[in-house]
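Visitor: structure for the following, please:
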Amino acid sequence: MPPSSGAPAPEGRTHSFRSVAPVLGLCWMAVFFDGMDVNIYGAVMPHLLDDGSLGLTESTA
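Guide: Numbers count the residues shown, from 1 in each chain. As a prediction, the model looks like this:
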């Protein structure tokens with residue numbers, strides 16, 4: 001049976017901010033860089049459409 005919420009954590013299972021902060025930072029960076037590709041795609045696409053040698057149309061882009 002798990003201990004009640006008011007009971008102290010078993011020895012060796014305490015978490016401090018120092019151990020959680022790098023994980024949170026890594027997760028934040030993954031979400032940030034995952035969204036960056038959409039921003040870059042949106043910024044570059046008009047220039048790619050202007051270049052006729054690529055053969056891109058608005059519907060294929």
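
Visitor: where does the prediction get shaky in this protein?
Guide: 1-15, 17 (pLDDT under 70).

Visitor: how about the helices in it?
Guide: Under the criterion DSSP state H, helices of the chain are mapped to 17-50.

Visitor: could I get the phi/psi values of Leu56?
Guide: phi -90, psi 140 (degrees, to the nearest 10).

Visitor: how about it, what does it touch?
Guide: The contact partners of Leu56, by C-beta atoms under 8 Å, 6 or more residues apart in numbering, come to 48-49. Any C-beta I mention is one placed from the backbone N, CA and C, and that applies to glycine too.

Visitor: which residues are in contact with Ser16?
Guide: No contacts exist for Ser16 under C-beta under 8 Å, 6+ apart.

Visitor: number of nearby residues for Ala21?
Guide: 10 (other C-beta atoms under 10 Å).

Visitor: so how many other residues sit close to the residue nearest to Glu58 when sequence neighbours are not counted?
Guide: Counting by C-beta to C-beta, 6 or more residues apart in numbering, Glu58 lies nearest to Leu49, which is 6.6 Å off, once chain neighbours are set aside. Each residue near Leu49 was counted by other C-beta under 10 Å, and the total is 14.

Visitor: and if you look at the one 5 residues further on?
Guide: A count of nearby residues for Leu54, using other C-beta under 10 Å, gives 11.

Visitor: which residues does the residue lying closest to it once chain neighbours are set aside contact?
Guide: Nearest non-adjacent residue to Leu54, counting by C-beta to C-beta, 6+ apart: Leu48, 6.0 Å away. In this structure, Leu48 makes contact with 54, 56, 61, judged by C-beta under 8 Å, 6+ apart.
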